[in-house]
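Colleague: need coordinates for the below:
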Amino acid sequence: MAFHTHIAKQVAGNIEYQGRRLYYRNAVKILAGDEADVQAQVKDGALHTVDLYRNQNTVTAKCTCNAFARNSEPCKHIWATILVVDAKGFLQGKDNSDPRHLVGIKDEELEAGLTASGASTPVAQEYTRLIRERIVQLQRIAEPSREQAVK
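Modeller: As a prediction, this is how the structure comes out:
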């Protein structure tokens, strides 16, 4: 079963509809992706960058659009990206399983949440370090693609 069917109920109906329209318009370009994370750009008037990270059964998502900035809820750009990612087989994890949860989170919320939850444990610190390291790697990979997309 496609993993987007597991998490569709976690996305508002209108967002799912709008994201599907972007998907059918081929508005999503995957910049980098594997079993654990994906970075994509979605052309919807402006270019929006979507980052998806998988940790166990949860996909954490963020987008550069204004709607996501307001409420950290999955937006149409995230949903469109999920549809492409699912079709291409990314985010299947090391055990080739489907994620079951979708969470929208901003960088500052991640840091605040880790701090507030007492995430000074070595595991939490390592997880935070790995996420930040992977973000930098994906941004370096994406730079040439961003320049080409703007042209």
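Colleague: where do the strands sit along the protein?
Modeller: 28-33, 37-44, 46-55, 58-63, 101-104 (DSSP state E).
Colleague: point out where this structure drops to low pLDDT.
Modeller: 1, 107-151 (pLDDT under 70).
Colleague: show me where it has helices.
Modeller: 3-7, 13-24, 66-71, 76-88, 107-116, 122-150 (DSSP state H).
Colleague: Tyr23: what's it in contact with?
Modeller: Trp79, Ala80, Leu83, Val84 (Cβ atoms under 8 Å, 6 or more residues apart in numbering). Using the backbone N, CA and C atoms, a C-beta is placed for each residue, glycine as well.
Colleague: so how far is Ser97 from it?
Modeller: From Tyr23 across to Ser97, the span is 23 Å (Cβ to Cβ, to the nearest Å).
Colleague: thinking again about what came up before, distance to Phe3 and mean neighbour count added to the strands of the chain, as CSV?
Modeller: Shown next, in CSV, are these (distance: least, Cβ to Cβ, whole Å; neighbours: other Cβ atoms under 10 Å):
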stretch, distance to Phe3, mean neighbour count
strand 28-33, 14, 19
strand 37-44, 12, 23
strand 46-55, 10, 20
strand 58-63, 8, 22
strand 101-104, 10, 18
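Colleague: can I get those in JSON lines including distance to Asn14?
Modeller: What follows is the strands of the chain, written out as JSON lines (distance: least, Cβ to Cβ, whole Å):
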{"stretch": "strand 28-33", "distance to Asn14": "18"}
{"stretch": "strand 37-44", "distance to Asn14": "15"}
{"stretch": "strand 46-55", "distance to Asn14": "17"}
{"stretch": "strand 58-63", "distance to Asn14": "16"}
{"stretch": "strand 101-104", "distance to Asn14": "16"}
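Colleague: to Gly13, which of these lies closest?
Modeller: Smallest distance to Gly13 across the strands of the chain (Cβ to Cβ): 14.6 Å, for strand 101-104.
Colleague: the closest one packs against which elements?
Modeller: Applying 3 or more Cβ pairs under 8 Å, 6 or more residues apart in numbering; DSSP states H and E, one finds that strand 101-104 contacts strand 58-63, helix 76-88.
Colleague: redo these as a markdown table? Include distance to Val38.
Modeller: Shown next, in a markdown table, are those (distance: least, Cβ to Cβ, whole Å):
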| stretch | distance to Val38 |
| --- | --- |
| strand 58-63 | 9 |
| helix 76-88 | 5 |
